[in-house]
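Colleague: fold the following.
(chains A, B, C and D)
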There are 4 protein chains.
Amino acid sequence: MSVLEELQEKYAEFKEKRDWEQFHQPKNIAMSISIEASELMELFQWKDNVSIKEIKQDENLMAGVREELADVILYSLSMAQRLDINIEESVLEKLDENRERFDEETSEEITKELEEWTR
Amino acid sequence: MSVLEELQEKYAEFKEKRDWEQFHQPKNIAMSISIEASELMELFQWKDNVSIKEIKQDENLMAGVREELADVILYSLSMAQRLDINIEESVLEKLDENRERFDEETSEEITKELEEWTR
Amino acid sequence: MSVLEELQEKYAEFKEKRDWEQFHQPKNIAMSISIEASELMELFQWKDNVSIKEIKQDENLMAGVREELADVILYSLSMAQRLDINIEESVLEKLDENRERFDEETSEEITKELEEWTR
Amino acid sequence: MSVLEELQEKYAEFKEKRDWEQFHQPKNIAMSISIEASELMELFQWKDNVSIKEIKQDENLMAGVREELADVILYSLSMAQRLDINIEESVLEKLDENRERFDEETSEEITKELEEWTR
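Modeller: Purely as a prediction, here's the structure:
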């Protein structure tokens, strides 16, 4: 059993014990992922041009990031489980698609554009 | 190496080849997670009271869900990697916290409240 | 001066007094709108199939909605002001576009589809 | 009739003609506001440290901002109308609250903190 399946099983057990599976319909789980992602983003709202080193030195911030990121992932695992989606497969597939879509030429164009905007 | 580390490594390689790591600052990755989560949610926007069975029979919808979910997870893995966060540990920690926070009594209260609202 | 301009002026005054205009760059304001919209959505997260009448009778819920909606609108007004966008004009333009895009035939198709999904 | 009421009336008319009011339940409208806010944010995703002047010179970007901002506002007006919320009143109330909450001392502390992070 992979770590992903292990985490999914533990979360399913948590919900089953509380009889909460009934409320975790895909539409509501999708809302939960979005809400938790927004809470994660809020932690970085006013932190412009702060280096990764500085972020990692801020213990409070890091505790918040760990927690909100865990929430995003937990709900994502839950969505996958309810809909029988194999996460490993889907992510590998998406990476393949991205590799094709962003071939050398396209990638270079995007890099140029990004460099122009992010100074 | 766990499946999570494997996926993280493959994604890092993809970005490195394109020299895109420079743009993937935590603040921007957090925005990306939120944007992709919103696209995932959009797929369910007008689908009220649709059963999981029906969702799984809708091939177009399922392809969309797989893709947007993969995006949410890819960016989440990227965030974790940039900030040296161990996802497995963080998720297990969050589950422990949830188990404590939602003890039997609290869970039953929440269930009652949820049953009242979701009919 | 229209009510929109009046509200914009009052909000600008609030920010000016605190010297906060410098932080309200369009990218950050866009994040703020998204974060507040997510907080508004969170209020309805587990409220499926609840009638408008029931929502209006829930004083706590309504106070929350009023507050989060005000935040969404305040930041939207701020974005418009910073970029010299005339809200009234933009909204009327968007309505014109929608009227064209959703002609009778298209609208009827969408209605059928929506009726099929939302039962 | 204020400009806000005028816009609300025009949007209600648009929905009525298509018989779409039935789908615009508060929960779904809240999701719509969040989805449109995310699309607005996406326009600024990779634009770090870009001045307002530069944004205003980018016609494509400005057209996108006008459109997505109009969507956020249209759905916000719709939410207010469905729940009999007076937007002008709510926004003025929120501004009063903010003025109290962010008194001189608190504001100065926040400014210092923000200046430290956003360089």
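
Colleague: any low-confidence regions in chain A?
Modeller: Applying pLDDT under 70 to the predicted model, the residue ranges of chain A that meet it are A:118-119.

Colleague: 90 - rerun?
Modeller: Applying pLDDT under 90 to chain A picks out residues A:1, A:21-24, A:46-50, A:104, A:110, A:112-119.

Colleague: pull up the residues of it that are close to chain C.
Modeller: Chain A comes close to chain C at residues A:23, A:28, A:31-32, A:34-35, A:38-39, A:41-42, A:45-46, A:48, as judged by C-beta under 8 Å from any C-beta of the partner chain. Quick note: C-beta positions are derived from backbone N, CA and C, even for glycine.

Colleague: determine the longest helix present in chain A.
Modeller: Within chain A, and with DSSP state H defining each element, the longest helix by residue count is helix A:59-82.

Colleague: show me where chain A has its helices.
Modeller: Using DSSP H, the helices found in chain A span residues A:3-18, A:26-44, A:52-57, A:59-82, A:87-101, A:104-117.

Colleague: what would these look like in a markdown table with distance to B:Leu7 and mean neighbour count?
Modeller: What follows is those, written out as a markdown table (distance: least, C-beta to C-beta, whole Å; neighbours: other C-beta atoms under 10 Å in any protein chain shown):
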| stretch | distance to B:Leu7 | mean neighbour count |
| --- | --- | --- |
| helix A:3-18 | 9 | 16 |
| helix A:26-44 | 18 | 25 |
| helix A:52-57 | 20 | 13 |
| helix A:59-82 | 12 | 21 |
| helix A:87-101 | 5 | 16 |
| helix A:104-117 | 20 | 12 |
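
Colleague: just send those helices back as a markdown table, with distance to chain D too.
Modeller: Converted to a markdown table, the helices of chain A look like this (distance: least, C-beta to the nearest C-beta, whole Å):
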| stretch | distance to chain D |
| --- | --- |
| helix A:3-18 | 22 |
| helix A:26-44 | 7 |
| helix A:52-57 | 9 |
| helix A:59-82 | 10 |
| helix A:87-101 | 16 |
| helix A:104-117 | 5 |
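
Colleague: remind me what the longest helix of chain A packs against, helices and strands.
Modeller: Secondary structure elements in contact with helix A:59-82, counted by 3 or more C-beta pairs under 8 Å, 6 or more residues apart in numbering or on different chains; DSSP states H and E, are helix A:3-18, helix A:26-44, helix A:52-57, helix A:87-101, helix B:26-44, helix B:59-82, helix B:87-101.

Colleague: to C:Glu100, which of those lies closest?
Modeller: With distances scored as C-beta to C-beta, the stretch of those nearest to C:Glu100 is helix B:26-44 (22.4 Å).

Colleague: export the closest one as CSV, just CAs?
Modeller: As requested, the backbone C-alpha atoms of helix B:26-44 are provided in CSV (Å, rounded to 0.1, in the frame of the first residue of the first chain):
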residue,chain,number,x,y,z
PRO,B,26,5.6,30.2,-2.2
LYS,B,27,3.2,33.2,-2.6
ASN,B,28,2.8,32.4,-6.3
ILE,B,29,2.4,28.6,-5.7
ALA,B,30,-0.3,29.4,-3.1
MET,B,31,-2.1,31.4,-5.7
SER,B,32,-1.8,28.6,-8.2
ILE,B,33,-3.2,26.0,-5.7
SER,B,34,-6.2,28.4,-5.1
ILE,B,35,-6.8,29.0,-8.8
GLU,B,36,-6.7,25.3,-9.6
ALA,B,37,-9.0,24.4,-6.7
SER,B,38,-11.4,27.0,-8.0
GLU,B,39,-11.3,25.4,-11.5
LEU,B,40,-12.0,22.0,-9.8
MET,B,41,-15.0,23.5,-8.0
GLU,B,42,-16.3,25.1,-11.1
LEU,B,43,-16.9,21.6,-12.5
PHE,B,44,-19.4,20.9,-9.8
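
Colleague: list the helices and strands it packs on?
Modeller: The criterion is 3+ C-beta pairs under 8 Å, 6+ apart, and the helices and strands that helix B:26-44 contacts are helix A:26-44, helix A:59-82, helix B:59-82, helix D:26-44.

Colleague: and of the ones you listed, who's closest to A:Val91?
Modeller: Between the helices and strands packed on helix B:26-44, helix B:59-82 lies closest to A:Val91; by C-beta to C-beta that is 4.8 Å.

Colleague: now the angle from that closest one to helix A:3-18?
Modeller: If you take axes from the mean of the first three to the mean of the last three C-alpha atoms, to 10 degrees, helix B:59-82 sits at 110 degrees to helix A:3-18.

Colleague: OK, contacts around A:Ser76?
Modeller: By C-beta atoms under 8 Å, 6 or more residues apart in numbering or on different chains, the contact list for A:Ser76 reads A:33, A:87, B:69, B:72-73, B:76.

Colleague: isn't A:Lys27 up against B:Asp48?
Modeller: Yes. In terms of C-beta atoms under 8 Å, A:Lys27 counts as a neighbour of B:Asp48; the distance is 7.1 Å.

Colleague: quick one on the thing from earlier: and of the helices and strands packed on helix A:59-82, who's closest to C:Lys53?
Modeller: The closest of these to C:Lys53 is helix A:26-44. By C-beta to C-beta, the value is 22.3 Å.

Colleague: how much space between the most far-flung residue of chain A relative to its centre and D:Phe102?
Modeller: What lies farthest from the middle of chain A is A:Glu105; by C-alpha atoms, centre = their mean that is 28.2 Å. From A:Glu105 over to D:Phe102 the distance is 50 Å, taken as C-beta to C-beta, to the nearest Å.

Colleague: C:Ile52: which of the helices and strands packed on helix A:59-82 is closest?
Modeller: Ranked by C-beta to C-beta, the member of those that lies closest to C:Ile52 is helix A:26-44, at 19.2 Å.

Colleague: I'd assumed A:Leu77 was in contact with A:Ile29.
Modeller: No. Using C-beta under 8 Å, A:Ile29 is not in contact with A:Leu77, being 9.9 Å away.

Colleague: check contacts around the residue in chain A that chain C sits nearest to.
Modeller: Nearest residue of chain A to chain C, counting by C-beta to the nearest C-beta: A:Ser38, 3.6 Å away. If a contact means C-beta under 8 Å, 6+ apart, then A:Ser38 has B:34, B:37, C:34-35, C:38-39 as its contacts.

Colleague: grab the nearest non-local neighbour of it.
Modeller: Closest residue in space to A:Ser38, ignoring its immediate chain neighbours: C:Ser38 at 3.6 Å, by C-beta to C-beta, 6 or more residues apart in numbering or on different chains.

Colleague: and what of A:Ile29?
Modeller: Nearest in space to A:Ile29, with sequence neighbours left out and distances taken as C-beta to C-beta, 6+ apart, is A:Met79 at 4.6 Å.

Colleague: ok, the one you found - contacts?
Modeller: Taking C-beta under 8 Å, 6+ apart as the definition of contact, the neighbours of A:Met79 are A:26, A:29-30, A:33, A:85, B:40, B:65, B:69.

Colleague: so which of the residues you listed is the closest to B:Glu116?
Modeller: Nearest to B:Glu116 among these, counting by C-beta to C-beta, is A:Ile29 at 20.3 Å.
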